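# Need coordinates for the following:
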Amino acid sequence: MGDFQVVGSSPEALVRLNNSHASLRPIAGTRPRGEDLIKDQALEDSLIEDEKENAEHVMLVDLARNDLGRVAKEGSIVVDPYKSIERYSHVMHIVSGVQGELIEEKDAFDLFAATFPAGTLVGAPKVRAMQLIDAIEPDLRGIYGGTVGYFGKKRRHGPGYCDQNDCFLQRTI
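Just a heads-up that it's a prediction; the model follows:
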């Protein structure tokens, strides 16, 4: 990449595809980790009870379901887990899993087009939110909000499927 380098770390993927199984993991809601188990649990409780964090998380799960619904088989979308807490070294997040099976005529590129950009970065409704961002922000976002990942080799004959794993560039330098 020449003189251009990117370093980032985030537990949130944009989208993953394993053969025909697509998955998204919306994350919204963050608290720091507690100094001990009691404080950690108190912070988790405050996160679970926070109306703003929960409303944002519900919005992102709904966006993920709608985005995936554009390329998934009817009736295949499930949300599991829903609003689980994931702990990392310094923070905890509310996380859900949204999965579905791709329509046979769709492929990894269709899935990418249906899910990018991440609702976490633009809000909802996506198209209007992007229009407002474009009108209000004086500078382009550059790589921020973009994505990095891979599209792997097809695993079966016929249309479509292959491996895919993309993350979006949110916590990057």
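# List the beta-bridge partners for residue 101.
In this entry, residue 101 is beta-bridged to residue 21, by DSSP bridges.
# if I read this right, it contacts residue 74, doesn't it?
No - with contacts counted by CB atoms under 8 Å, residue 101 stays clear of residue 74, the gap being 9.9 Å. (C-beta placed from N, C-alpha, C; glycine too.)
# Looking at the two, which one has more neighbours?
Shown here are residue 101 and residue 74; by other CB atoms under 10 Å, residue 101 has more neighbours (19 against 9).
# Per-residue pLDDT of that one, please?
Here, the pLDDT recorded for residue 101 equals 95.
# give the contact list for it.
Residue 101 is in contact with 20-22, 72-73, 76, counting by CB atoms under 8 Å, 6 or more residues apart in numbering.
# 7 Å instead, please
Listed by CB atoms under 7 Å, 6 or more residues apart in numbering, the contact set of residue 101 reads 20-21, 72-73, 76.
# what's the span of stretch 76-90, first residue to last?
35 Å (CA to CA, to the nearest Å).
# Can you give the contact residues for it?
By CB under 7 Å, 6+ apart, the list of residues contacting stretch 76-90 reads 11, 32-33, 44, 57, 61, 65, 68-69, 92-101.
# Restricted to helices, list those residues.
44, 57, 61, 65, 68-69 (DSSP state H).
# Of the contacts of residue 101, which one scores lowest on pLDDT?
For the contacts of residue 101, the pLDDT minimum is residue 20, 87.
# So that one versus residue 45, what's the distance?
Here residue 20 is placed at a distance of 39 Å from residue 45 (CB to CB, to the nearest Å).
# try residue 63
From residue 63 over to residue 45 (counting by CB to CB), the distance is 26 Å.
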